[in-house]
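A.B. asks: compute the structure for the input listed below.
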Amino acid sequence: MEKNMGFFEKTFRLKDHGTNVRTEIIAGFTTFMTMAYILIVNPITLEAAGMDFMKVFTATALSAVIGTLVMGLVANLPFALAPGMGLNAFFAYTVVIGMGKSFEFALTAVFLEGLVFLLLTFFNVREAIINSIPSNIKKAISVGIGLFIAFIGLANAGIIVQGATPVTLGEITSGPALLALIGLVIAGALLAHNVKGALFIAILATTLIGIPMGVTSLPTSLMSAPAAPYFFNFEWSQIFSLDMLIVLFVFLFVDMFDTVGTLVGVSTKAKMLTEDGKVPNAKKALFADAVGTTVGAIFGTSTVTTYVESAAGVAEGGRTGLTSVVTAGLFAVALLFSPLFIMIPSAATAPALILVGLFMMSPVKEIDFDDFTEAIPAFLTILMMPLTYSISDGIVFGMLSYVALKAITGKFKDIHILTWIIAFFFIIKLLV
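C.D. replies: As a prediction, the model looks like this:
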């Protein structure tokens, strides 16, 4: 035991970070509990793109294991990674369904994104791209994606449906819609009481309630061998097309800001920032994100990103990479219990989608609504994502309106040169 403690201390420098093995293990379990819903939600989301549920389940778990292990062992930070919400919705509903592309095309874009992210991380040029995007639009993108995710959750559960109007209330007094509403109440109550793993617990509870309601189907076994994931299922014929450029940009853009926002936000909460306000080992953390995305695409899943749910583990005292290693280990164990996850109906995961949408809304408080050249682009970004069922369309409306309003009002100094270039490509996309 003492030898093991010495190994952990040497590897993760626990004492230097004011923590111990027990605290780190508890933190790792807590992080896993708060984000384990992705094992269910991600395969369901990508299934809409024509992908095999079981293959994506394996890919989701494997990419989470690899990305989180790199974060823990290389960056020594208590952050976990997995395929990102919002990014998987863009993959399925915008690229495949909306643009009519194959899922192989989308996986190719994710793979290229991972490689680009590796290069950007290596050459330290990521900051230049981040700085070219207006601050208020960055915040609006998070909010818009949140609304989009919540909209998908409501639609998947049948709470809202298409009727005489584009959207109307579904039959909510029985079946999946009623079960989803019950799950929403359960999840909300757990969150209100600050229960760790509230979303995960709510999914399990809602699934059990769905059994007597006839919505949940019981599995024939509890364990099974993991399904083989996809492997290098790429489509190279369109890698130089404008569509690929647009899709690649959105994946790269959203992933960068998701990751940077999470690293800064969680590090701030944990008081882990350096004296000059920087995230410790930030380059290594971004490297973990890039590796996770690249490997995830090879196995067949959407962009891997750092999860804001890592804050739950940090709140439990996690301060080192040992927290991440524990979380990665639990994702590996989950591979053996796939039947338990398959039995969970979309009505049980809908509350998680809706409430994750809520979590992504917080940046709206920081948007400048007093300056209309800032407020209107931010508002259009938020509004157009759920209404067009497209994250990229929301970004297009936001960026183009930003450039137009700033130019018309003579505020040219507010427009970064790269913002002009991005707007130019968006105009071409609209005209093609």
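A.B. asks: going forward, measure contacts between C-alpha atoms and count neighbours the same way
C.D. replies: Will do.
A.B. asks: for Met223, which residues are in contact?
C.D. replies: With contacts defined as CA atoms under 8 Å, 6 or more residues apart in numbering, the neighbours of Met223 are Leu336, Phe337, Ser338, Pro339, Leu340.
A.B. asks: which ones among the residues you listed lie within helices?
C.D. replies: Ser338, Pro339, Leu340 (DSSP state H).
A.B. asks: name the member of those residues with the most neighbours.
C.D. replies: Looking at these with neighbours defined as other CA atoms under 10 Å, the largest count falls to Ser338 at 23 neighbours.
A.B. asks: and the gap between Ala375 and Lys10?
C.D. replies: Using CA to CA, to the nearest Å, one gets 50 Å for the distance from Ala375 to Lys10.
A.B. asks: could you find the closest non-adjacent residue to Val41?
C.D. replies: By the measure of CA to CA, 6 or more residues apart in numbering, the closest residue to Val41 outside its immediate chain neighbours is Thr349, 6.4 Å from it.
A.B. asks: please apply the same query to Lys284.
C.D. replies: Excluding its sequence neighbours, the residue lying closest to Lys284 (CA to CA, 6+ apart) is Ala75, at 5.0 Å.
A.B. asks: surely the one you found and Arg319 touch.
C.D. replies: No: with contact taken as CA atoms under 8 Å, Ala75 and Arg319 are classed as non-touching, separated by 11.6 Å.
A.B. asks: give me the more crowded residue out of these two.
C.D. replies: Per other CA under 10 Å, whichever of Ala75 and Arg319 has more neighbours is Arg319, with 30 against 23.
A.B. asks: follow-up on the earlier one: pLDDT wise, what is the residue nearest to Val41 at?
C.D. replies: Model confidence at Thr349, expressed as pLDDT, equals 83.
A.B. asks: and Asn131, by the same measure?
C.D. replies: Asn131 carries a pLDDT score of 61 in this model.
A.B. asks: low-confidence ranges, this protein, go.
C.D. replies: Scanning the chain for pLDDT under 70 picks out the ranges 1-5, 126-131, 257, 261, 265, 268-270, 276-277, 432.
A.B. asks: determine the longest helix present in it.
C.D. replies: Once the chain is assigned using DSSP H, the helix that runs over the most residues is helix 242-269.
A.B. asks: ok so, going back, so Ala375 and Lys10 - more neighbours on which side?
C.D. replies: Set Ala375 next to Lys10 and count neighbours by other CA under 10 Å: Ala375 wins out with 19 against 11.
A.B. asks: just say helix, strand or coil for that one.
C.D. replies: Using DSSP: H, G, I helix; E, B strand; the rest coil as the criterion, the local structure at Ala375 reads helix.
A.B. asks: list the buried ones in the helix or strand Phe379 falls within?
C.D. replies: Mapping Phe379 onto the secondary structure by DSSP states H and E places it in helix 372-388. Within helix 372-388, the residues scored as buried using 16 or more other CA atoms under 10 Å are 373-387.
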